[in-house]
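Q: no sequence on this one, just coordinates:
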RNA sequence: CGGGGCGUGGCGCAGCCCGGUAGCGCACCUGCUUUGGGAGCAGGGGGUCGCCAGUUCAAAUCUGGCCGCCCCGACCA
């Protein structure tokens, strides 16, 4: 939580990148501190201070540390979930004997995040590399996953850094290799934060509230019994309980509250994003059926009470798939290829991802940012070699990058 | 820090221009009727109108000062 200021100033690039957004403790215990304490913006320096004690031989490598921690960055403007002063994140740190091994780890982790985003959150992302300007201060390079929100803006949803030997040199972390020589370690760090949850919310939700992908829903199924009078209540509720007798209690909930009408309950669970709502009333009991409603499409299905759990699980799984596909289509439909800067400047306002040629210069990148408030989000891993001319300056470019307005 | 906006029952707002008994929706309380998409009707409780000063017979309303919050720009995962 509190990092001695001197830790942070050891790595020049790193401190330069973070200094403006650090909160600093100057007083504690009723008096001024001899050394000021930075409220951690990330734990790199703390980890490295420990690495020095823990790493001496190649046999100590590779080393991997993972922690969930809250961090603090004093941004000029905050935005719920996406940019909060304090946020919770997962941060991983590794140290390796070779450059190649560190590179492999950084590359591997961004794909772990990508898989999680797509398989669990049903949120398609574009994995790629950040430009020099956008990379993590102190890293050799930064990988990222970029997602498109429903308004067409890009959201960096996870990052992975190849730190090279920068921190090893700053913190003097060396190991002895098999040839008895001392070498600086090669390192990575990577993380995702509560921002990712914000991304999930913004990727799927609609005017009726949250839409949570089934894989991540704390409550996948809610059963709303419908009755009129005590006789029906007893009958319907009894049937609902009987139907779900062998179900996992974490899988469903029967909303048997008496003070609310069914209509109220429908809306109550809808706004909370519960993936499947099952309605069961007297008519359904007569017909040995229930009505199941998908949160993402609102589609209603009549299901037999026989083998209900399996039918619902199938529905959940096609909903998970459907949500990913819908989001993929949205991203695809709003990804444009543009070669004329004036055209770009007009259309960037509408949102979306723009595949543009870029010569690689920071000047062009900055000019574009000033002209349009958009940035180069990433150089996608899957960018095919394609010769063209930089959208901004016209110089030769070898592949297209993704530009967009970002959060 | 620059530009714009807003502070009125618990929440969301109208009233302010043109000064004269502070109002609406939601929520809350009581009763009856309701229950397959956020219930209906009737009755009821609750407000130093952000703060301070000024003008006036009279200020939520006009004037001045202060305080707080939100949005847009410069920063950023």
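A: Nice, I can see it. Not measured: the values here are computed from a predicted model. Numbers count the residues shown, from 1 in each chain, chains lettered A, B, ... in the order given.

Q: name the element the residue in the stretch 101-250 of chain A that RNA strand B sits nearest to belongs to?
A: Nearest residue of the stretch 101-250 of chain A to RNA strand B: residue A:156, at 3.0 Å (Cβ to the nearest atom of the strand). (C-beta placed from N, C-alpha, C; glycine too.) For residue A:156, the host element (DSSP states H and E) is strand A:154-164.

Q: okay, now the domains of chain A?
A: Domain segmentation of chain A under automatic domain parsing yields A:2-204, A:214-318, A:335-404.

Q: the residue of the stretch 101-250 of chain A closest to RNA strand B: what's it in contact with?
A: In this structure, residue A:156 makes contact with A:144-146, A:195, A:377, A:406-407, judged by Cβ atoms under 8 Å, 6 or more residues apart in numbering.

Q: tell me what it is bridged to.
A: Beta-bridge partners recorded for residue A:156 (DSSP bridges): residue A:146.

Q: any idea how far it is from residue A:147?
A: Residue A:156 sits 8 Å away from residue A:147, going by Cβ to Cβ, to the nearest Å.

Q: and the average pLDDT for the strand holding residue A:156 is what?
A: For strand A:154-164, the mean pLDDT works out to 96.

Q: can you name the next helix or strand after that strand?
A: helix A:166-171.

Q: check which residues of the following helix or strand past that next one are buried.
A: With elements assigned by DSSP H and E, the helix or strand that comes after helix A:166-171 is strand A:174-176. For strand A:174-176, burial by neighbour count (16 or more other Cβ atoms under 10 Å) applies to A:174-175.

Q: coming back round to it: nearest to residue A:328, of the domains of chain A?
A: Between residue A:328 and the domains of chain A, the shortest gap by Cβ to Cβ is with domain A:2-204, which sits at 4.6 Å.

Q: so what's the gap between the closest one and the chain middle?
A: 14 Å (Cα atoms, centre = their mean, to the nearest Å).

Q: first-to-last residue distance for that domain?
A: End-to-end span of domain A:2-204 (Cα to Cα, to the nearest Å): 37 Å.

Q: is residue A:6 in contact with residue A:35, as I believe?
A: Yes. Counting by Cβ atoms under 8 Å, residue A:6 touches residue A:35, with 6.5 Å between them.

Q: which ones among the contacts of residue A:156 lie within helices?
A: residue A:195 (DSSP state H).

Q: which one of the contacts of residue A:156 has the most neighbours?
A: Highest neighbour count within these, by other Cβ atoms under 10 Å: residue A:145, with 28 neighbours.

Q: and the residue nearest to that one when sequence neighbours are not counted, what's its pLDDT?
A: Excluding the flanking residues, the one nearest residue A:145 by Cβ to Cβ, 6 or more residues apart in numbering is residue A:125, at 3.8 Å. Residue A:125 carries a pLDDT score of 97 in this model.

Q: residue A:125: neighbouring residues, count only.
A: 28.

Q: likewise residue A:306?
A: 10.

Q: any idea how far it lies from residue A:122?
A: Residue A:306 is 30 Å from residue A:122, where distance means Cβ to Cβ.

Q: return the most buried member of the domains of chain A.
A: domain A:2-204 (a mean of 18; mean count of other Cβ atoms under 10 Å).

Q: in the stretch 301-407 of chain A, which spans are helices?
A: A:308-333, A:341-347, A:362-372 (DSSP state H, counting those that start in this stretch).

Q: the last one - what's its average pLDDT?
A: Taken as a whole, helix A:362-372 carries a mean pLDDT of 91.

Q: please apply the same query to the shortest one.
A: Confidence over helix A:341-347, taken as the mean pLDDT, stands at 92.

Q: off-centre distance for that helix?
A: Here helix A:341-347 shows a centroid-to-chain-centroid distance of 29 Å under the convention Cα atoms, centre = their mean.

Q: check the last one too.
A: Its chain's C-alpha centre and that of helix A:362-372 lie 26 Å apart, by Cα atoms, centre = their mean.

Q: hang on, residue A:297 packs against residue A:322?
A: Yes. If you go by Cβ under 8 Å, residue A:297 and residue A:322 touch, sitting 7.0 Å apart.

Q: stretch A:357-366 vs RNA strand B: in contact?
A: No. Stretch A:357-366 lies apart from RNA strand B when judged by Cβ under 7 Å from any atom of the strand; the minimum separation is 9.3 Å.

Q: ditto for stretch A:266-278
A: Yes. Using Cβ under 7 Å from any atom of the strand, stretch A:266-278 comes into contact with RNA strand B via A:266-268, A:270-271.
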